[in-house]
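Student: Kindly generate the corresponding structure for this input.
(one chain, ligands or ions: 4)
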Amino acid sequence: MSTQGEVITCKAAVAWEPNKPLVIEDVQVAPPQAGEVRIKILFTALCHTDAYTWSGKDPEGLFPCILGHEAAGIVESVGEGVTEVQPGDHVIPCYQAECRECKFCKSGKTNLCGKVRAATGVGVMMNDRKSRFSINGKPIYHFMGTSTFSQYTVVHDVSVAKIDPQAPLDKVCLLGCGVPTGLGAVWNTAKVEPGSTVAVFGLGTVGLAVAEGAKTAGASRIIGVDVDNKKFDIAKNFGVTEFVNPKEHDKPIQQVLVDLTDGGVDYSFECIGNVSVMRAALECCHKGWGTSVIVGVAASGQEISTRPFQLVTGRVWKGTAFGGFKSRSQVPWLVDKYMKKEIKVDEYITHNMALGEINEAFHLMHGGSCLRCVLKVHE
Ligand SMILES: NC(=O)C1=CN([C@@H]2O[C@H](COP(=O)(O)OP(=O)(O)OC[C@H]3O[C@@H](n4cnc5c(N)ncnc54)[C@H](O)[C@@H]3O)[C@@H](O)[C@H]2O)C=CC1
Ligand SMILES: N[C@@H](CCC(=O)N[C@@H](CSC=O)C(=O)NCC(=O)O)C(=O)O
Ligand SMILES: [Zn+2]
Ligand SMILES: [Zn+2]
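Tutor: Numbers count the residues shown, from 1 in each chain. Ligands and ions are numbered 1, 2, ... in the order given. The predicted model follows:
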């Protein structure tokens, strides 16, 4: 039976307040309006950015909302004027849109898109500045333009990547955030060259994907830095060649790395979201050319600092969002690379659970043994 044009009532995990357990609720999902797509979400993973917003530290965090932004599903229906996807298409929702016509998209200098960002940042859809989610008439905010902790979601058409229907959705859901971010930080943002020395601060999914990207880029040394010694065994499988635990050194970690690498690394990546570590990551870079990329998301009120002399003497400080990948164009390409076994994805999935177990899944995520937990969204 077609649900096109109808309100769908389905299960979703609602964040009513910061830090309070998510509640599985019956949510009404309105049909897509012009330029919108309603997606049946089949699998969603959890990312630390969901936990960050849920914690109340995100200045853009609004409650009640439906979190989630790393997922895969099937188009259920489309609104007026949507031409690039149709019901039945397999898709990955993209929190970073790509409209191909705004100033950002046309610049060729960035993957950021300006078309819907103002609406997604305040939890609504662009058409009428309202939410498509409600519970008995009470609106529930969208999150990052994706809201994938729901059996159905509505997104802007510029935020949907159509992918190979043969790709396993329980795996390629990861290509909605963490893995592309790490790979792209190396390939697109830093543009690491063969023979480079690389330091990766934080060996979670994002840091491990940085290591994987650095290995494929031909880096000669990939130094993993983490406070958890268990991470080294895992990290070796992703290309990390050496491991340093800052807790085991008396000297500042930047000095340890400078001493290890004859003056500093060519590239460093901060994949934690800790502003002190961001400083260390910059300062462990080689004078004259070392480049440090900020990947981690730091809380509202946090600021970075260093002596300007660090930059005067040639170090470069950069940041990356979604690894610099243009979402609609390049997510399908990443899926194809996965299908050809050219990039890892399965290796990042340490746990599989159901949507109803989402609070336990977040609990696991905060322990050191979980990289990505994939939730099956429908029974
Ligand atoms: N810029 C972007 O587009 C994106 C940013 N992110 C952000 O990237 C960050 C990392 O994400 P995940 O890998 O999923 O996180 P994670 O929590 O799995 O990994 C962080 C790692 O850092 C280690 N760590 C914590 N404090 C440390 C310290 N002081 N020194 C060294 N290691 C330390 C932890 O032991 C852990 O292994 C988060 O802040 C997340 O919000 C995630 C996706 C996209
Ligand atoms: N609302 C947050 C923004 C946090 C942030 O920087 N998000 C990243 C993606 S993190 C994914 O897991 C990003 O791509 N930012 C660019 C953007 O357009 O949002 C805050 O204000 O801290
Ligand atoms: Zn994420
Ligand atoms: Zn755009």
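Student: Compute the distance between residue 158 and ligand 4, please.
Tutor: From residue 158 over to ligand 4 the distance is 7 Å, taken as CB to the ion, to the nearest Å. (Glycine included, C-beta is placed from N, CA and C.)
Student: So what does that residue look like in phi/psi?
Tutor: Taking degrees, to the nearest 10, you get phi -80, psi 0 for the backbone angles of residue 158.
Student: Just to check, it is in contact with residue 98?
Tutor: Yes - Residue 158 is within contact range of residue 98, at 6.2 Å (criterion: CB atoms under 8 Å).
Student: list the residues that contact both of the two?
Tutor: 113, 328 (CB atoms under 8 Å, 6 or more residues apart in numbering).
Student: Enumerate the residues of this protein near ligand 4.
Tutor: Contact residues (CB under 5 Å from the ion) of the chain with ligand 4: 99, 102, 105, 113, 115.
Student: Try it again at 8 Å.
Tutor: Within the chain, the residues that sit near ligand 4 (CB under 8 Å from the ion) are 97-106, 112-115, 158.
Student: how many neighbours does residue 1 have?
Tutor: One way to gauge burial is a neighbour count; for residue 1, by other CB atoms under 10 Å, it gives 4.
Student: Begin at 202, not 1, for the rest of this chat.
Tutor: I'll keep to 202 as the first residue from here, and by that count the last item is residue 202.
Student: Would you enumerate the residues in contact with the residue of the stretch 402-551 of the chain found nearest ligand 4?
Tutor: Checking the stretch 402-551 of the chain residue by residue against ligand 4 with CB to the ion singles out residue 527 as nearest, at 9.4 Å. Applying CB under 8 Å, 6+ apart to residue 527 gives the contacts 299, 306, 312.
Student: re the thing from before, specify which member of the residues of the chain next to ligand 4 is nearest to ligand 1.
Tutor: Out of the residues of the chain next to ligand 4, the one with the shortest distance to ligand 1 is residue 313. That distance is 10.6 Å, counting by CB to the nearest ligand atom.
Student: count of residues packed around the closest residue to ligand 1 within the stretch 352-501 of the chain?
Tutor: At 2.1 Å from ligand 1, residue 405 is the closest residue in the stretch 352-501 of the chain, using CB to the nearest ligand atom. Close neighbours of residue 405, defined as other CB under 10 Å, add up to 24.
Student: That one touches residue 471, doesn't it?
Tutor: No - in this structure residue 405 lies outside contact range of residue 471 using CB under 8 Å: 11.9 Å.
Student: returning to that earlier point: tell me how far the residue of the stretch 402-551 of the chain closest to ligand 4 lies from residue 313.
Tutor: According to CB to CB, to the nearest Å, residue 527 stands 10 Å off from residue 313.
Student: go on, residue 255?
Tutor: With the distance defined as CB to CB, residue 255 ends up 24 Å from residue 313.
Student: Give me the more crowded residue out of those two.
Tutor: Neighbours per residue (other CB under 10 Å) separate residue 255 from residue 313, with residue 255 holding more: 22 against 18.
Student: what's the nearest residue to that one once chain neighbours are set aside in contact with, if anything?
Tutor: If the residues on either side of it in the chain are set aside, residue 255 comes closest to residue 216, at 5.4 Å by CB to CB, 6 or more residues apart in numbering. Under the criterion of CB under 8 Å, 6+ apart, the contact partners of residue 216 comprise 223, 255, 264, 265, 266, 267, 268.
Student: correct me, but the last one touches residue 213?
Tutor: No - at 9.8 Å, residue 268 does not count as touching residue 213 under the criterion of CB under 8 Å.
Student: Which stretches in the stretch 252-401 of the chain count as helices?
Tutor: Secondary structure of the stretch 252-401 of the chain, counting by DSSP state H, counting those that start in this stretch: helices at 304-308, 318-321, 370-373, 379-385.
Student: CSV for the ones you listed, including mean neighbour count and distance to ligand 1?
Tutor: As requested, those are exported to CSV (neighbours: other CB atoms under 10 Å; distance: least, CB to the nearest ligand atom, whole Å):
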stretch, mean neighbour count, distance to ligand 1
helix 304-308, 14, 15
helix 318-321, 17, 14
helix 370-373, 20, 16
helix 379-385, 28, 4
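Student: Now tabulate these in JSON lines and tack on distance to ligand 2.
Tutor: JSON lines is the format used below for the helices of the stretch 252-401 of the chain (distance: least, CB to the nearest ligand atom, whole Å):
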{"stretch": "helix 304-308", "distance to ligand 2": "10"}
{"stretch": "helix 318-321", "distance to ligand 2": "6"}
{"stretch": "helix 370-373", "distance to ligand 2": "17"}
{"stretch": "helix 379-385", "distance to ligand 2": "7"}
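Student: And these: which comes nearest ligand 3?
Tutor: Proximity to ligand 3 (CB to the ion) singles out helix 379-385 among the helices of the stretch 252-401 of the chain, at 5.6 Å.
Student: The closest one: how far from the chain's middle?
Tutor: Put simply, helix 379-385 sits 7 Å off its chain's centre (CA atoms, centre = their mean, to the nearest Å).
Student: Equivalent analysis for stretch 282-298, please.
Tutor: Averaged over its C-alpha atoms, stretch 282-298 has a centre that lies 18 Å from its chain's centre (CA atoms, centre = their mean).
Student: So for it, mean pLDDT?
Tutor: What stretch 282-298 shows for mean pLDDT is 98.
Student: for residue 494, phi and psi?
Tutor: Dihedral angles phi and psi of residue 494 (degrees, to the nearest 10) take the values phi -110, psi 120.
Student: Could you pull up the residues touching it?
Tutor: 386, 390, 391, 468, 469, 470, 471, 519, 520, 521.
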